[in-house]
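Visitor: everything below, folded, please.
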Amino acid sequence: MDNKITIIEGPTPSFDSVDTDLIMGVNGWTAGLTEGPYLYDTARTTLRTFNGEALIERCHKAWAHKLTMYLEYRDPIGLRKEVPIVAARTVDSEEGDLLILWVRQDPEEYEEIEDDLDFDDIEDEW
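Guide: Presented below is the predicted three-dimensional model:
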């Protein structure tokens, strides 16, 4: 069974923290995604696709067979990465289908991304 969605071209996807959604009161259902026996961070990414419905169907089939669905992509330096998908939705837009994915990330990996950001430089620009 094909249990991966692979990004074959384009930039590295950006992942937005679901905690931001919870603070702003948007998508309150995402709080359930963080519950479980292990500590994970949940993030959201939006991707353009040609056939979002087919990708959603692949997710549903994998989950029905108790398999983990993965998003496969390349990081900024070209290394192949995979993150498990925990929820998916497709949205029609004028530019084509958009695929919204909620993924699980290890907290340590997410902290490394935050550590790379220099917030002092950002504040100086404001």
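Visitor: give the other helices and strands that the longest strand seen in the chain contacts.
Guide: Longest strand in the chain, counting residues (DSSP state E): strand 80-93. Secondary-structure packing of strand 80-93 (3 or more CB pairs under 8 Å, 6 or more residues apart in numbering; DSSP states H and E): helix 52-64, strand 69-74, strand 96-105. Quick note: C-beta positions are derived from backbone N, CA and C, even for glycine.
Visitor: in TSV, list the ones you listed along with mean pLDDT, mean neighbour count and distance to residue 80.
Guide: TSV is the format used below for these (pLDDT from 0 to 100; neighbours: other CB atoms under 10 Å; distance: least, CB to CB, whole Å):
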stretch	mean pLDDT	mean neighbour count	distance to residue 80
helix 52-64	93	15	19
strand 69-74	95	18	6
strand 96-105	89	18	15
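Visitor: out of these, nearest to residue 45?
Guide: Evaluated over those, closeness to residue 45 peaks at strand 96-105, with 5.4 Å, by CB to CB.
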